[in-house]
Structures are given as structure tokens and as C-alpha cells.
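> One predicted model, sequence on top.
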Amino acid sequence: MSKWVDICNLDEILPNMGRCALFEDQQVAIFRVIKAGKELLYAINNYCPFSEANVLSRGIIGSLADKVVIASPIYKQHFDLTNGLCVEDESVSLKTYEVRLEGNTVQLAG
Amino acid sequence: MSKRSNLVVIGNGPVGHSFLESLVESGNSGNYNIIVFGEEPRPAYDRVHLTHWFKTRDAADINMVEEGFYQANDITLYTSDKITDIDRSRKVVTSQSGQEISYDKIILATGSFPFVPPVPGHKRDNVFVYRTIEDLEEITAAAQTGKVGTVIGGGLLGLEAAKALKDLELETHVVEFAPRLMAVQVDDGGGNMLRKKITDLGVSVHTQKNTQNISDGDNAFHKMSFADGEVLETDIIVFSAGIRPRDELARSSDLKLGERGGIVINNNCLTSDADIYAIGEVALWDNKIYGLIAPGNAMAQAACDHLTGAGTSEFAGADMSTKLKLMGVDVASIGDAHGNTPNSRSYTYVNDREEVYKKIVVSSDDKYLLGAVLIGDASEYGTLLQYMLNKMELPAEPEGLILPQTDGKSAGLGVDALPDTAQLCSCMNVTKADVVNAVEAGAVNIGDIKTVTKAATGCGGCSALVTQVLNSELEKLGVEVNTDLCEHFSYTRQDLLNIIRVEQIKSFEDLIAKHGSGLGCDICKPTVGSLLASCWNDYILKKPLHALQDTNDYFMGNMQKDGTYSIVPRIPGGEITPDKLIVLGEVAKKYNLYTKITGGQRVDLFGARSEQLPLIWQILVDAGFETGHAYGKSLRTVKSCVGSTWCRYGVQDSMEMAILLENRYKGLRSPHKLKMAVSGCTRECAEAQSKDVGIIATENGWNMYVCGNGGMKPRHADLFASDLDDVTLIRYIDRFYMFYVRTADRLQRTSVWMDNMEGGLDYLKSVIIDDKLSVCEELEKEMSGIVNTYQCEWKTTLKDPERMARFSHFVNSDKQDENVVFIQEREQIRPRNKTESIEVVTID
Ligand code: SRM
Ligand SMILES: Cc1cc2nc3c(=O)[nH]c(=O)nc-3n(C[C@H](O)[C@H](O)[C@H](O)COP(=O)(O)OP(=O)(O)OC[C@H]3O[C@@H](n4cnc5c(N)ncnc54)[C@H](O)[C@@H]3O)c2cc1C
Ligand code: SF4
Ligand code: FES
């Protein structure tokens, strides 16, 4: 069973922005998306394999067709936030993490 | 039920694979038991793009075989198993692993191997060729310890290999036997220009060097000794001295070969044995070996048509024209590049400043194009190739085709003039008619065209031409070329600006709710962020505007390749006090930042981690610096010379004007970045004529130039107005900028905006000087709104502790990003590069 770990308060992540968290020695990019008035949280690995830098939490959140995506800030590849798949190159995918809101606390599980 | 016949395909390279695809497409593959033997350990991969392997070092990225292709079509593939014998009397092939397979028909697609001249020492360690993925793996491993790499052979592939060595950060040399590079494809003049350009890129070129011996070096692994007595020490050698057909199977089974090798084939690609075909680089047609992929694909189709009877295509030779980018240098060669045709004439254009060389070879009556060489700028390649291939009559003065056009129009032929049979894409053999048909069948963008016709999916050299045909056809069909900003807004940037102004919209959320759909994306969010700023000029991180900004604007620094940022404080006009210079030095020292004078007369500090940005900026702001907006689509610098204050020639105070202008327009958000310059006299030391707005002092005031550009496609600015006084100058600039902000496309510099403006400069003058549209008052008002609401974004940010917290790398830890590692070089830091990085991050 996955064990939930407290990461931060929800308001430490601005609406429609990402933040990077340290979780079990890994860099995890957490995104807070407001969609149709609802709060959604996503978490994927922060490492962008195209630029080889830990930057995904600093990209722009958006949607492509019905996917919710993050655009890497360096070379602008898009990653599907639900499954980590790269939109431009489906052979590349990033690890995703379970994330939830417990009260006002954002929690991650592996 | 008729028995299926055994079809053995020997060689699983690009052409062997293309044959299999043709066979499957023909619908006849079910008639054969298809057995494929490949010597290499993996299924066919795209050798043309071999060098792409370096990007990810993952063989899968250049794989050519669609998943499940072999299984789905019942094809048996044996990899790592080469055929060692063909017994034509028993009709059996034998493989290295001992398999014996009887055949009805054979397709020989064994390709070629790199020729290594038998120079003493050629078998030493660290001597390589450049042909397979394994070769690249070995070269990469050797580059870890080596410092110097040398390619023997300055042809097309040699230069590609040299690029790879350079990218592996080796000191790179190219050694060529002939007196020039790419001796086959380009002439002397072109070869010289190419050499100059490649040398500029830091590769040493040695021509007329005959390598006679390779032995132990004194300072490097090898020493190469040349016939002229000179030596070159190097750690790695890559031979690229031509290719030779792999015809050994044909030789041992007595198929007819050419005098200098290659399996002789006819137009159906049949060899001297009616059951054996040969295709690709191993085949000799009309005494020629074709070392390119397009002819190989055509042979594959011809062999398939003949074998199955499903088609009638024959191989009838191929055009060897090529266009490629070598180390970023455009190189193209068409037809008779050397002017060998008797009585041919040639026209040459050489521009040493821009390092461009162009030559066309035409028939003696100036009517037809026979060949061409283009170095440094190959934009005319498509047009010229069509003139030659379709034997189209040239314009009266054919030299016009390669001379620069002063009126901005291209002299080339319109795509409508091309016959339907014109081949647009030679790699995939796609004609104009194919593209026209695809458009009629509903293709509306280049992606559709690629899917339907495969055009532009090979070397990519034809994509500009294919796009032109596409757009022209769409226009004819009355289809509007889609100018939507992105999938979330069916409006252009200009439409959105009007909507925002008229409806007084202040947020993205409001705009997308009323006029768009979805969540937005990395295209529309920053665009709308910029539009909102152009209209209302709010602090860019004011909630919820912050979520629209690119990381550069959000962190108010330029993100570098390793995720750190650079810092560029504003230094108006390039004027700075010694005290401020000292502050910059002290900050850089304290935070160990790489420090460089920029091309824009200021100082850039690189390598700041996000969490350091506020600390550094606090010191800078305290010392009186403001943000330089190096990250924004906004005013960058106003360059200036010292002008009349110091210079003996200066006629106005350019320094004062530059500072005034920089302070006036700083912070203005625009479709793209803006650059200005002010020169104190006509000698133009500030290079004002390459700027969006450039100003040159005259005895009577100021000359104003507009729409200049350096960068990727330089454009000289146009003289807009002369001898202006200060007030009029500023009024015109205000109007000019706001008109640009209103009407330009996203990421369109003023130069491109002008080139696309109907009516051009005269129209612009009529709007800004004569106020033809009666908008000038409004434009001036909008500008003064912007000027009056300016704030330094860093100053504002530093006042807000809540915002400061967002700069830490981790939300839940003070640790730093351990993937950011610096190396010392020339007494400063630089990011570590790939070869220096040990894998620290694992992704599963
Ligand atoms: C730092 C600097 C090079 C240097 O070491 O000197 C530089 C660095 C960058 N330039 Fe530049 N350019 C710099 C002067 C120039 C100049 C020269 C000038 O301004 O006089 C030009 C040609 C003039 C012009 O723009 O017309 C120039 C033409 C470009 C272009 C091509 C623009 C074009 O229209 O073709 C780009 C790409 C772009 O903007 O899309 C670019 C983009 C960039 C970016 C932003 C690329 C990026 O996205 O990472 C670089 C980031 C800088 C950083 O991280 O701080 N840079 N760049 C110069 C900063 C000047 C400054 O003080 O602000
Ligand atoms: C670095 C590089 C860049 C290039 N760039 C371009 C370019 O830009 N444009 C262009 O048109 N062309 C380019 N080429 C040339 C192009 O790659 C070749 O024309 C093409 O690969 C020829 O295909 P082929 O299948 O005939 O031969 P190959 O690619 O040589 O394939 C033959 C295959 O058969 C195998 N084989 C040989 N003998 C046997 C045997 N007895 N049994 C089983 N298997 C065997 C070989 O191992 C090989 O895998 C480039 C080549 C290289 C190396
Ligand atoms: S542009 Fe004129 S005033 Fe300015 S430095 Fe050059 S010569 Fe002197
Ligand atoms: S010509 Fe090579 S892809 Fe079209």
C-alpha cells in the first residue's frame, strides 16, 4: 500500500502553477490546476529528458485536445499530466505520482 | 492452393526495408514466404539520420520499422545473421549461423561499406568508420578519453562525422586529399567558401594532404604523417574516404559485376540472374552507384513492381542534386555543378561579408539551367532544381535568380508555373500533382500532406517548396489558411487585442471563458499575458497574471540549459558609473556567477539558482539597478555611441537621447523583443540601421530608421523620416511602437511585420506621419499610459515576502537542485556538459 507523505500547504502552490517537491529523494513536480472551477492536483517527475534539467515544475500548464499538459520551459515539449506521456514523442514518458489534498495539505505517494 | 514461393531478402538496411514496405503496399506480400537476413543486430534503421543518434543515444529513435510490421505481414527476420553463400545451381542460401534456405527469388540489398585506404597503421585502436550505430557507440566511448579527433575525407559524410566529433567536444580536424572540400558536389569557389565557414566554426581543415602513415603519437594517441612531410597528432581517427558496394556474395556466385565493383542491374533491377534482383547502394546501374537514399527507394519500387507485376515503374537513373546543412552551413549542389557541359555559361555571386557563394550553370543560349552550387544560403534550391528537372525556360536574365533582391520580392518562379509532373520531394518521389490531389482530398496543413503523400518526411529539404504549393492550392480552393492563434482561440493576435481593448478584459480567465475554450497553452497564455500588459501594464506577477508568464518572465531571468538563470540589469545606453560596475563585480564574485559583456552593451551574470535570484536582485536594486528585461518580449537595449560630448565627429548628444529613449520605453510589452540604437553621426558606430528603431544624428536633428533586424535574417532599417527635432522624434516612435503592438503577429519582429505589410513603408508613413487612419492620438495616449505606469518588476517583487518564497527550488526543503553542477573554465564557471555528467537522476 502506498504511504501518504505531507508535502506542503495548498496555498504554497499558486493556482495554475507548479512547484517542485522533494519526495523520497526524487524531484517531483506538483501542479495545481483549476478546471471548470475545480481544484485538481497532478504530480510527475520534475526531470525533463529532452533538456536533461530539473525544470518541469516551472513550465506552463495547459490543455491539448482533452489532455491536461505541462510544457517544458526549455524546448517546449508537452507532457500529459495524467500519465506522464510526452505528446510529441510517445516513446518518452515520465513517472507519475499519486497526489491528493488532505484538508489543506498536499500529500504525495509513490 | 498454390504454394507460396520463397523470397529471400539479403540485407535489412533502409533500402531493403523500403522494398518490404513496397511489397506490403502492393498487396502481394501474401504470395511469398518472406525471409529477411540482416547482418546488424537490429531491424532496419534510418542511416540517413544516423547522426541523430547522438541526440538521445537511443537506437530506437532512428528505427524505421513500424511496430509489429514483420509479424503483421508474416515476414521472418533474422538479425545478426549474415548470408555467406548463394548457391545458384541448387538455389539455396547459407547463413553464418548455418541456416540453409532454398529460394525462388532473391533481393540483394547489402548496401556498401566505408572504404578504408590501406595506409600503414589503419588497423590501430581508435581508428573508426562512420556507418552504423555501433560505430557511433565506439567513437563516443573513445571520445571520453581523447582530446583531438580527425576525419580523413572532406566529403559530405566526412563533414557530418566532423560535426559529430565537434559535438563530442573534441578539437576537430578534417584531412582531405583533394584541394577542396566536397570535391564531388561543389566547385572551387564554393569549396573555398565552405572551408572558410567551417573553419570559422572551429574545425581545422587540411586540404591536399595525403596520409601515408599512422603511428604512435608523442602528445596524442596517433601521429598521422602526410606525403608533404607534415604531421598531425590526434587521439581518434574516423575514415570517411568513400564507399564501396558490398558485392562479395555476387562475386562468389558469379553474378555480373562492374569493372570497379557493384552488381550490374537493368531497369527492372534484375542482375545477370533472372531470379536475383539487386537494389540500393550495392547496385550498379548504367555504370553508376547511387550513394543516396532516394534512388535506392526508387529501385526498391521498380524491383517490387517487376517481381509482383503489380506496377510498371522502372529505374531510369536519378538526379543526384543535394541540399543539406553541414554544421549549420547551407550547402546545395544541383546537376552539372562544375559546368562540364560544353559551351555552358556560368554566373556567380559571391558575398564575402555574408559568406555566401552562389553559382548557376546554364546552356549556351541562356535558356535552360544545367546546374548550380549554393553555399551559405540555399534558399533558391527548390526553385533552381525545378527549373532544371522540368527543363523550364529561364527568365531573360538568369543571374537574377541568385542575385539579392532589393525590392524584397523573390525572382524565383511562382509555384503555379510548375508542371503537375514536377517532383517536389525526391526522397519520397512526390510530385506536384500528388500534393494538389491531397489538398483536393481535404489536406489543409503540412502535417496532413506528410501523412498522405509522405512528402517532406525524408531529408526535409523540400518542405518549404511543398508548403508553398500547399498554400497556393488552398488559396485557389478558397480555403482560408488557418491563422488561429492556437486550438484555444479561433482568433489572431490582433483580433484578441481588439477584443481585450473593446471589452476591457483584464484577465486570461475572463477572456477564455468568453472567447475561447480549454485551459489555454504555452502559446496563448504568454501571448495574452503580453497583450494584457500592452493594454493595461499591470505588474506581470499580479495574481492571476503570474500563471500566464513563461518561466523567464515568472522568474524575471533567462532560463539556461541547466535550469539556472541569467541576470541582466538595465544599463541605459551602455553608460555606467565605476561604482555600479564595482557592485556588479562584487555580486558576481559573491555568488560565483559567470560574467560576460553582452552584445547589447551591458553585463550578463549567468548561473544563478532560482533561490539566489531574490538575494542577488536585492543587492542590485539597493545599488540603483533596475531589471533589464532580457527575458521579456519587450524593450531590450538602446545602444549608443558617446556622441558629441566626447567624439570629435559627433553632431548631437546621442548618449543623452539613448538614455531618454531607454527609460521611456523600458517595460513596454510587445509582440517580440524591441531593440534600438542612437548614433552621434553618420559614421554609425551604434549600428542603428540594424535595429527596430534606429536614430542617427544629423546637423539638423535626427534621422529615424525603422524595422531593421540583426539575428537570423538580417534586414537593413528603412529611413522613415529625416532631420526630426526631439519632440517629433519621440512622437513618431510612440506611434510606431503602439501601431506595431496593435497589428503585428505573435513573435513577429518589426522587420517581418514590415515585409508583410501591404503598402510597405509608404503606408506606414501615411499612418504615422499623415495620420491616415486617424489613430495617432489614441496611439500616443496608449503609450503615455504605459510610460506612466512603469515599475521595475524586481523592485516590486522584492517588497513582497510571500512572492519571495516561490523562488526556492523545493517547496518542502532548502536543498538545492543537485543536477546543477558547474565546471571551472577560463577562471569562471560553466554548466557541465553531457560528456561530463554522470547519471544522477533515474527515471523509471
Ligand atoms: C546575452 C546575449 C549574447 C551575448 O552574450 O552577448 C544574447 C543572448 C540571447 N539571445 Fe540574443 N543575445 C544578445 C544580443 C543579441 C543581438 C545583438 C544586439 O542586440 O545588438 C542580436 C541581433 C540583433 C537583433 O536582435 O536584431 C540577437 C539576436 C537574437 C535572436 C534572433 C532574433 C531575430 O529576430 O532573428 C534570438 C532568438 C529570438 O529572440 O527568437 C536571440 C535570443 C537570445 C536568448 C534570449 C536565447 C534564449 O532564449 O535563451 C539568449 C539569452 C540571454 C540570456 O540568457 O541572458 N537573440 N541577440 C546578448 C544580450 C544583449 C543584451 O544586453 O540584452
Ligand atoms: C552518416 C550518413 C549520412 C547519410 N546521409 C544521407 C543523406 O543525407 N541523404 C541521402 O540520400 N543518403 C544519405 N546517406 C546514404 C544512405 O544512408 C544510403 O544511401 C542508404 O543507407 C543505402 O541503403 P542500403 O539499404 O542500400 O544499404 P545499407 O544502409 O548499407 O544497408 C545494407 C544492410 O545490409 C547488411 N548486409 C550486408 N551484407 C549482408 C549479408 N551478406 N547478409 C545480411 N546482411 C547484409 C548490412 O549490414 C546493412 O545493414 C548517409 C549515409 C551515412 C552513413
Ligand atoms: S557615431 Fe559618430 S559620434 Fe558616435 S562615436 Fe561614431 S563617429 Fe563618433
Ligand atoms: S526531398 Fe527529402 S524529404 Fe522531400
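Looks like it arrived, so ask away. Residues are numbered from 1 along each chain as shown, chains lettered A, B, ... in the order given. Ligands and ions are numbered 1, 2, ... in the order given.

> tally of neighbours for B:Val603?
20 (other Cβ atoms under 10 Å in any protein chain shown). For every residue, glycine as well, the C-beta is placed using N, CA and C.

> Leaving out the residues flanking it, which one is nearest to it?
B:Leu584 (5.4 Å; Cβ to Cβ, 6 or more residues apart in numbering or on different chains).

> measure that neighbour to chain A for me?
26 Å (Cβ to the nearest Cβ, to the nearest Å).

> and what of B:Thr51?
Applying Cβ to the nearest Cβ to B:Thr51 and chain A gives a distance of 17 Å.

> again, but for B:Thr627
Per Cβ to the nearest Cβ, B:Thr627 is found 18 Å from chain A.

> Touching, that residue and B:Asn558? I think so.
No: with contact defined as Cβ atoms under 8 Å, B:Thr627 does not count as touching B:Asn558 (11.6 Å).

> picking up where we left off before, within the helices and strands, which one has the residue nearest to B:Val603?
Counting by DSSP states H and E, the element that carries B:Leu584 is helix B:578-590.

> check whether that helix contacts ligand 1.
No: for a cut-off given as Cβ under 6 Å from any ligand atom, helix B:578-590 has no contacts with ligand 1; the smallest distance is 13.0 Å.

> Equivalent analysis for stretch B:722-742, please.
No: under the criterion of Cβ under 6 Å from any ligand atom, stretch B:722-742 makes no contact with ligand 1; the nearest approach is 13.8 Å.

> can you pull the alpha-carbon coordinates of that stretch into PDB?
C-alpha atoms of stretch B:722-742 as PDB (Å, rounded to 0.1, in the frame of the first residue of the first chain):
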ATOM      1  CA  SER B 722      14.800  63.000 -41.600                       C
ATOM      2  CA  ASP B 723      16.000  65.900 -39.500                       C
ATOM      3  CA  LEU B 724      13.400  65.500 -36.800                       C
ATOM      4  CA  ASP B 725      13.500  67.600 -33.600                       C
ATOM      5  CA  ASP B 726      13.400  65.800 -30.200                       C
ATOM      6  CA  VAL B 727       9.700  66.100 -29.700                       C
ATOM      7  CA  THR B 728       8.700  64.900 -33.100                       C
ATOM      8  CA  LEU B 729      11.100  62.100 -33.000                       C
ATOM      9  CA  ILE B 730       9.600  60.800 -29.700                       C
ATOM     10  CA  ARG B 731       6.000  61.300 -31.000                       C
ATOM     11  CA  TYR B 732       6.800  59.200 -34.100                       C
ATOM     12  CA  ILE B 733       8.400  56.500 -32.100                       C
ATOM     13  CA  ASP B 734       5.400  56.400 -29.700                       C
ATOM     14  CA  ARG B 735       3.000  56.000 -32.600                       C
ATOM     15  CA  PHE B 736       5.300  53.500 -34.400                       C
ATOM     16  CA  TYR B 737       5.600  51.200 -31.400                       C
ATOM     17  CA  MET B 738       1.900  51.200 -30.500                       C
ATOM     18  CA  PHE B 739       0.900  50.600 -34.100                       C
ATOM     19  CA  TYR B 740       3.200  47.600 -34.100                       C
ATOM     20  CA  VAL B 741       1.900  46.400 -30.800                       C
ATOM     21  CA  ARG B 742      -1.600  46.600 -32.300                       C
END
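
> how far is that stretch from where the chain is centred?
Distance, stretch centre to chain centre, for stretch B:722-742: 36 Å (Cα atoms, centre = their mean, to the nearest Å).

> contact partners of it?
B:494, B:497, B:534, B:657, B:661, B:664-665, B:668-671, B:674, B:693, B:695, B:698, B:700-704, B:706, B:720-721, B:750, B:753, B:764, B:767-769, B:775-776, B:779-780, B:782-784 (Cβ atoms under 8 Å, 6 or more residues apart in numbering or on different chains).

> helix or strand right after the longest helix along chain B?
Ranked by residue count under DSSP state H, the longest helix found in chain B is helix B:726-743. Following helix B:726-743 in sequence order, the next helix or strand is helix B:750-755 (DSSP H and E).

> Please spell out which residues along that following helix are buried.
B:750-754 (16 or more other Cβ atoms under 10 Å in any protein chain shown).

> and the least confident of those residues?
Among the buried residues of helix B:750-755, B:Val752 carries the weakest pLDDT, at 83.

> Surely the residue nearest to B:Val603 touches B:Asp604?
No: taking contacts as Cβ under 8 Å, B:Leu584 lies outside contact range of B:Asp604: 10.1 Å.

> Can you show me the strands along the stretch 401-550 of chain B?
B:423-425, B:430-431 (DSSP state E, counting those that start in this stretch).

> Pick the most deeply packed of those strands.
Mean neighbour count (mean count of other Cβ atoms under 10 Å in any protein chain shown) peaks for strand B:423-425 among those, with a mean of 25.

> which strands and helices sit next to it?
Counting contacts by 3 or more Cβ pairs under 8 Å, 6 or more residues apart in numbering or on different chains; DSSP states H and E, strand B:423-425 is packed against strand B:430-431, helix B:432-440, helix B:463-476.

> Would you point out the helix or strand in chain B whose mean pLDDT is lowest?
Between all helices and strands in chain B, the lowest mean by mean pLDDT, DSSP states H and E belongs to helix B:801-804, at a mean of 78.

> How about the longest helix of chain B, which residues are buried there?
Buried residues in helix B:726-743 (16+ other Cβ under 10 Å): B:729-742.

> Pick out whichever of these sits closest to ligand 3.
B:Leu729 (17.0 Å; Cβ to the nearest ligand atom).

> re earlier: report how many residues lie close to the residue nearest to B:Val603.
22.

> Just list the residues touching it, thanks.
B:569, B:595, B:603, B:605, B:620.

> Quick check: the first one touching B:Thr598?
Same thing as B:Pro569. No: shown here, B:Pro569 and B:Thr598 do not form a contact pair, counting by Cβ under 8 Å, at 11.1 Å.

> So for the two, which sits in the more crowded spot?
The residue with more neighbours, out of B:Pro569 and B:Thr598, is B:Pro569; 26 against 16, by other Cβ under 10 Å.

> Let me see the contact set for the more buried one.
B:584, B:602-603, B:620, B:625-628.

> and the residue in chain A that ligand 3 sits nearest to, what pLDDT?
At 38.8 Å from ligand 3, A:Ile74 is the closest residue in chain A, using Cβ to the nearest ligand atom. pLDDT, A:Ile74: 89.

> For the helix holding B:Leu584, output the C-alpha coordinates as CSV.
Output in CSV follows, covering the C-alpha atoms of helix B:578-590 (Å, rounded to 0.1, in the frame of the first residue of the first chain):
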residue,chain,number,x,y,z
PRO,B,578,32.5,52.9,-11.8
ASP,B,579,30.7,52.4,-8.6
LYS,B,580,27.9,50.5,-10.3
LEU,B,581,30.4,48.4,-12.2
ILE,B,582,32.0,47.5,-8.9
VAL,B,583,28.7,46.4,-7.5
LEU,B,584,28.2,44.1,-10.5
GLY,B,585,31.7,42.6,-9.9
GLU,B,586,31.0,42.2,-6.2
VAL,B,587,27.7,40.4,-6.7
ALA,B,588,29.2,38.2,-9.4
LYS,B,589,32.0,37.3,-7.1
LYS,B,590,29.9,36.7,-4.1
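
> And it, what's buried?
For helix B:578-590, by 16+ other Cβ under 10 Å, it's B:580, B:583-584, B:587-588.

> SS state for A:Asp11?
helix (DSSP: H, G, I helix; E, B strand; the rest coil).

> Counting neighbours, what do you get for the residue lying closest to it once chain neighbours are set aside?
Of all residues not flanking A:Asp11 in the chain, A:Asn104 sits nearest, at 7.5 Å (Cβ to Cβ, 6+ apart). Neighbour count for A:Asn104, taken as other Cβ under 10 Å: 9.
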